[in-house]
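Prediction below, plus the sequence it came from.
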Amino acid sequence: MLSKRVIPCLDVRDGRLTKGVKFQGNVDIGDPVETARRYAEEGADELVFYDITASHEGRGIMLKVVENVASQIFIPFSVGGGVSTVADMRDVLLAGAEKISINSAAVKTPELISEGAAAFGAQCIVVGMDVLRVDVSEKIPSGYEIVIHGGRKHTGLDAIAWARKAEQLGAGELCINSIDADGTRDGYELVLTRLISESVGIPIIASGGAGSPEHMADAITKGKASAALIASIVHYGQYTIRQCKDVMKSHGVKVRESW
């Protein structure tokens, strides 16, 4: 069995680490470069960096911050926000990232997934999915809708159908972020995570809602995810990466030992 990954997420706005609840009320909580270095030293398996307002503001990602983070860590590093062309992807990779995460741009231009996979390999392309629970309808039979631009715009896309299409187009991994659970610390949206995990054959990252290492274990054992994305519980010092892994291990989840 492959080890399951613990992935801290760095949401960055104006070059600073930030966190909110359900994509609202974001506050400045520190320096992303220093935080990235600390998480890498604690034993994080990967890091995710999101420039959370780049797409909404119609600008490119802050490459200098990406370069500064990449210079401090030696673990896989995924970057998203404001990536809308293959040239953008190349710039992010040259700045030091190993993976590119595309979300709003992938919905608006699905061929970007295929173009990125062809240029850099499927293993580089992570499709982020921001998902909102809605009423079941003919258009959205799963009851989960894809939203873009930081949750500001509804798309009418069913999350399960979009996950399957993203895989078919060449995505190497999907990051499933529940807006309903985001920042609440009440646990991941396990129904959504499991539905998508059982609908595709590529790795799934569970995101949104972790409040304890037990929630992370649930994402793996009940949600069938390959990795658990975390933010608040480590950003605010509630748990360390090592503590998270120790608890997950006690629940039967295979993890890479922290250094």
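Looks like it came in fine.

Which strand residues bridge the nearest residue to residue 154 once chain neighbours are set aside?
Spatial nearest neighbour of residue 154, excluding adjacent residues (C-beta to C-beta, 6 or more residues apart in numbering): residue 147 at 5.6 Å. The way it works is simple: take the backbone N, C-alpha and C, and place the C-beta from them, glycine included. For residue 147, the beta-bridge partners are residue 130, residue 154 (DSSP bridges).

how close does residue 147 get to residue 33?
Plainly put, residue 147 is 30 Å away from residue 33 if you go by C-beta to C-beta, to the nearest Å.

Compare neighbour counts for those two and give me the winner.
Ranked by neighbour count (other C-beta atoms under 10 Å), residue 147 and residue 33 place residue 147 first, with 24 against 20.

What mean pLDDT does stretch 44-64 get?
If you average the pLDDT over stretch 44-64, you get 75.

before we move on, what about stretch 199-211?
Taken as a whole, stretch 199-211 carries a mean pLDDT of 96.

Just the buried residues of it, please?
199, 200, 202, 203, 204, 205, 206, 207, 208, 209, 210, 211 (16 or more other C-beta atoms under 10 Å).

so where's the stretch 1-150 of the chain uncertain?
Where the stretch 1-150 of the chain drops to pLDDT under 70, the residues are 1, 14-16, 18-29, 52-61.

if we can go back for a sec, list the ones among the buried residues of stretch 199-211 that fall in strands.
Per DSSP state E, strands hold the following members of those: 204, 205, 206, 207.

Distance to residue 94 added to those, as JSON lines?
Output for these, formatted as JSON lines (distance: C-beta to C-beta, whole Å):
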{"residue": "204", "distance to residue 94": "28"}
{"residue": "205", "distance to residue 94": "24"}
{"residue": "206", "distance to residue 94": "30"}
{"residue": "207", "distance to residue 94": "26"}
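
Show the backbone phi and psi for residue 176.
phi -100, psi 110 (degrees, to the nearest 10).

pLDDT at it, what is it?
Residue 176 carries a pLDDT score of 97 in this model.

Relative to residue 73, how far out is it?
With C-beta to C-beta as the criterion, residue 176 and residue 73 are 24 Å apart.

if we can go back for a sec, can I get the buried residues of stretch 199-211 in TSV including distance to residue 135?
Below are the buried residues of stretch 199-211 laid out as TSV (distance: C-beta to C-beta, whole Å):
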residue	distance to residue 135
199	20
200	24
202	29
203	30
204	24
205	27
206	24
207	23
208	20
209	21
210	27
211	27
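
so where's the stretch 151-259 of the chain uncertain?
Low-confidence segments of the stretch 151-259 of the chain, defined by pLDDT under 70, span residues 258-259.

is it true that residue 183 touches residue 233?
No: with contact defined as C-beta atoms under 8 Å, residue 183 does not reach residue 233; the gap is 10.5 Å.

which stretches of this structure form strands?
Under the criterion DSSP E, strands of the chain are mapped to 5-13, 16-21, 24-30, 47-51, 77-80, 99-102, 125-133, 144-148, 153-158, 173-178, 204-207, 227-230.

For the last one, what is the distance to the chain centroid?
In terms of C-alpha atoms, centre = their mean, to the nearest Å, the gap separating the centre of strand 227-230 from the centre of its chain is 8 Å.

Tell me which other helices or strands that strand touches.
Where contact means 3 or more C-beta pairs under 8 Å, 6 or more residues apart in numbering; DSSP states H and E, strand 227-230 is packed against strand 5-13, strand 204-207, helix 213-221.

I'd like those laid out as a markdown table, including distance to residue 50.
Listed next are these as a markdown table, based on distance: least, C-beta to C-beta, whole Å:
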| stretch | distance to residue 50 |
| --- | --- |
| strand 5-13 | 5 |
| strand 204-207 | 10 |
| helix 213-221 | 19 |
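
For residue 257, give me its contacts.
Contacts for residue 257 were tallied using C-beta atoms under 8 Å, 6 or more residues apart in numbering; they are 43, 245.

Pull up the gap between it and residue 220, please.
Distance from residue 257 to residue 220, by C-beta to C-beta: 16 Å.
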